[in-house]
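Chemist: build me a model from this:
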Amino acid sequence: MPDASREALITGIGIVSCLGEGPEAHWQKLNEGRPNVDTTTFAPFIVHPLAPMNFDAQIPKKGDQRQMENWQRIGTYAAGLALDSAGVKGKPEILSTIDMIVAAGGGERDLNVDSGILSGMPRAEKPAAFLNERLMSDLRPTLFLAQLSNLLAGNISIVHGVTGSSRTFMGEEAAGVDAVRIAVSRIGAGQSEIALVGGAHNGERPDLIMLYEFAGMMLKDRYAPVWERGANGGFALGSLGAFLVIESRAHAEARGAKPLARIAAVLSDHAKRQSGAVSKSLETLFDTVKDKVVPRETAVISGATGAEPATAEERGFLAQHSDLAVRATGSYLGHGLEPTFPMNVALATLALQHGELFASCDGSAFENPMQAPLRQVLVTGVGHWRGEGLALVERAD
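Modeler: Sure thing, here's the model as predicted:
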């Protein structure tokens, strides 16, 4: 028999996105069924901008804020919300034991410097010397900090006092899946008692839009929900931050923490992405947990991006399990890459707390209503290019 004291419980969630800040703001907006999108700032590309927020509330020192780029502010803020939610904010005796696992991208760039170099090099008499000179004179030290992936964890440690072990995973969507998977595995094995897990993404970046459009991945011209984007679809980048406090049942009970949900399983895969590979990968992952799933009381929160062919193959897999109601959060939040999976685990937790699924904004009739009380959520995470993941999140009673 599994040791119940080593169950992985979610005791805190911190989320920020285009829908606002915190669980209740998200629940309200999700049930209104009206996505928040920006179709003009980066036209013809669609983005989901971060809702207005006062970073001072979780990052009180202006000096700390100044040395971060926006993705780090978003993540540090969301981490503070999660610590508050779990009731450990400002408690050094617990914060010093919290292990941190962060999913992060490569950081932000100084667009003015990049633009100046790219426009100046073709006209320079000695391009190599011109490049060296500009790099030496134009790059400020804080830019390097903004571009270091593990500085998000460093800033969380500085601002919030989380001083246990620290790991940073890179690798787009798969990094978010593995951050949660490793945290749950370590807790189950007795290697960790409490962990802060998540990531952040700033989707309002012309450089990222350019890079993903080079691969033909960006949603252009007109917003549409994920399942309605068709063969020429793509993803709309979203600015979001999501952190979870996950701890063993024994640790949570010892400090009197109320569990919000239980993570029964987290699985990951890395299919070669040949035709049909995504569907097969998801089916293999699902086979591992299907004996635990109660169909009438289980729903799917999908991290489908809208990029093809991965989205069509995930839809094909989900269509084979039509007894599971589906919601694709990318329709509401946009796609946040690294923190998308932790965000969706947080939204699964929120839905379980309310005992029901949130509303659908899908016009294709793929996202069915759910009548029975919600007791389990399958969270899918299919990368736009690589990586697949699945989590089973359950009510903690």
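Chemist: would you mind checking the average pLDDT for the helix or strand containing Leu347?
Modeler: According to DSSP states H and E, Leu347 maps onto helix 340-354. Averaging pLDDT along helix 340-354 yields 98.
Chemist: any buried residues in it, and which?
Modeler: 340-353 (16 or more other Cβ atoms under 10 Å). For every residue, glycine as well, the C-beta is placed using N, CA and C.
Chemist: stretch 121-135 too?
Modeler: 130, 134.
Chemist: tell me the gap between that stretch and the middle of its chain.
Modeler: 39 Å (Cα atoms, centre = their mean, to the nearest Å).
Chemist: same question for stretch 11-31.
Modeler: For stretch 11-31, the distance to the chain centre is 13 Å (Cα atoms, centre = their mean).
Chemist: now swap in stretch 383-397 and tell me
Modeler: Worked out by Cα atoms, centre = their mean, stretch 383-397 lies 11 Å from the chain centre.
Chemist: what is the mean pLDDT for it?
Modeler: On average, stretch 383-397 scores 94.
Chemist: what are the buried residues along that stretch?
Modeler: Going by 16+ other Cβ under 10 Å, stretch 383-397 has these buried residues: 383-384, 387-396.
Chemist: which two from the residues you listed end up farthest apart in space?
Modeler: Largest separation among these by Cβ to Cβ: His384 and Ala396, giving 32.1 Å.
Chemist: which of the buried residues of stretch 383-397 fall within strands?
Modeler: 388-394 (DSSP state E).
Chemist: hang on, the earlier thing: just the buried residues of stretch 383-397 now: which is nearest Pro49?
Modeler: So of the buried residues of stretch 383-397, ranked by how close each gets to Pro49 (Cβ to Cβ), first place is His384, at 20.1 Å.
Chemist: the closest one contacts Phe235, doesn't it?
Modeler: Yes: assessed by Cβ atoms under 8 Å, His384 is found in contact with Phe235 at 6.2 Å.
Chemist: find residues that contact each of these two.
Modeler: Residues touching both His384 and Phe235 (Cβ atoms under 8 Å, 6 or more residues apart in numbering): 217, 305, 307, 335.
Chemist: what distance do you get for the nearest residue to Ala250 once chain neighbours are set aside to Ser165?
Modeler: Spatial nearest neighbour of Ala250, chain neighbours left out: Ser5 (3.9 Å); criterion: Cβ to Cβ, 6 or more residues apart in numbering. Noted for Ser5: a distance of 21 Å to Ser165, by Cβ to Cβ, to the nearest Å.
Chemist: just the pLDDT for the residue lying farthest from the centre of the chain.
Modeler: Ranked by distance from the centre of the chain (Cα atoms, centre = their mean), the top residue is Glu125, with 45.5 Å. Looking at Glu125, its pLDDT reads 90.
Chemist: measure it to Glu133 for me?
Modeler: The spacing between Glu125 and Glu133, counted by Cβ to Cβ, is 12 Å.
Chemist: what does Met218 give?
Modeler: 34 Å.
Chemist: cool, Gly116 as well?
Modeler: Taking Cβ to Cβ, one finds Gly116 at 11 Å from Glu133.
Chemist: likewise Ala277?
Modeler: Going from Ala277 to Glu133 by Cβ to Cβ gives 48 Å.
Chemist: now Asn112
Modeler: 16 Å.
Chemist: same question, Gly198
Modeler: 40 Å.
Chemist: for Glu394, see how far away Met198 is.
Modeler: Quick fix: residue 198 reads Gly, not Met. For Gly198, the distance to Glu394 - Cβ to Cβ - is 20 Å.
Chemist: Val345 now?
Modeler: 12 Å.
Chemist: pull up the overlap in contacts between the two.
Modeler: The contact sets of Val345 and Glu394 overlap at Ile263 (Cβ under 8 Å, 6+ apart).
Chemist: how about residues contacting stretch 152-169?
Modeler: Counting by Cβ under 8 Å, 6+ apart, 58-59, 61, 64, 68, 71-72, 75-76, 79-80, 83, 89-90, 92, 95-104, 149-150, 175-176, 178-179, 182, 192, 195-196, 199-200, 338 sit against stretch 152-169.
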